[in-house]
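A.B. asks: can't give you the sequence, but here's the structure:
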């Protein structure tokens with residue numbers, strides 16, 4: 001049998017490798033392509049965000065308030081701030097009344113028959129004097145009005161047989177609605193306020 005020399009061609013006996021296609025960005029299956037595929041893969045749906053109160057306190061107040069009370073509409077929160085004002089008024093709770101009013105904004109108040117009061121100190125002094133013997137006040141028929149970061153509540157105040165019309169103005173401060181102005185005055189035409197529901201406030 002004839003033997004091939006060392007210089008004889010042997011490639012006919014070996015399987016030939018097919019050339020691999022070159023892809024500029026690494027080609028499908030290359031490490032770079034796998035990383036690109038991972039980056040472009042759609043992310044799994046995020047679980048609903050649940051924010052605890054301790055975690056919320058670490059955030060800016062306005063952001064935390066919206067995360068904790070996200071389901072609460074602005075008008076609902078505004079009406080609750082208005083109710084907190086009348087609850088403090090009816091119970092003579094000076095500390096609660098102090099918390100209702102804004103700290104960083106100018107405030108004013110016009111009590112029925114009083115001259116206008118300007119500034120937080122005169123306003124809070126007037127409330128402390130009135131609430132030393134709080135009247136049996138009931139607020140009804142509230143109408144909330146939103147104007148950006150300002151909220152207005154128009155309502156009726158019942159003081160025994162007397163019925164007053166009130167305007168309460170709130171602004172966003174500290175993550176909630178805080179009062180900057182209260183004005184109440186008598187109504188000369190006959191008005192029948194809505195009946196109280198639950199506790200008097």
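C.D. replies: Cool, the structure landed. These figures come from a predicted structure and were not determined experimentally.
A.B. asks: For residue 88, pull up the helix or strand it's in.
C.D. replies: helix 74-91 (DSSP states H and E).
A.B. asks: Pull out the buried positions in that helix.
C.D. replies: Using 16 or more other CB atoms under 10 Å as the test for burial, helix 74-91 gives 77, 78, 79, 81, 82, 84, 85, 86, 87, 88, 89, 90. Every C-beta, even on glycine, is put in place using the N, C-alpha and C of the backbone.
A.B. asks: Now the first one: closest residue in space that isn't a chain neighbour?
C.D. replies: Spatial nearest neighbour of residue 77, excluding adjacent residues (CB to CB, 6 or more residues apart in numbering): residue 177 at 6.0 Å.
A.B. asks: Name the residues of stretch 129-148 that are buried.
C.D. replies: For stretch 129-148, a neighbour-count test (16+ other CB under 10 Å) marks 130, 131, 137, 138, 139, 140, 142, 144 as buried.
A.B. asks: now stretch 154-172
C.D. replies: Those would be 155, 156, 157, 158, 163, 164, 166, 168, 169, 170, 171, 172, for stretch 154-172 by 16+ other CB under 10 Å.
A.B. asks: And the closest residue to residue 110 other than its chain neighbours, what's its pLDDT?
C.D. replies: Nearest residue to residue 110 in three dimensions, chain neighbours excluded: residue 183, at 4.3 Å (CB to CB, 6+ apart). Residue 183 carries a pLDDT value of 98.
A.B. asks: For residue 183, give me its contacts.
C.D. replies: By CB atoms under 8 Å, 6 or more residues apart in numbering, the residues touching residue 183 are 109, 110, 166, 167.
A.B. asks: Check for me that it belongs to a helix.
C.D. replies: No. Counting by DSSP: H, G, I helix; E, B strand; the rest coil, residue 183 is located in no helix; its state is strand.
A.B. asks: just for this protein, where's the confidence low?
C.D. replies: Applying pLDDT under 70 to the chain flags the ranges 1-72, 190-191, 193, 195-201.
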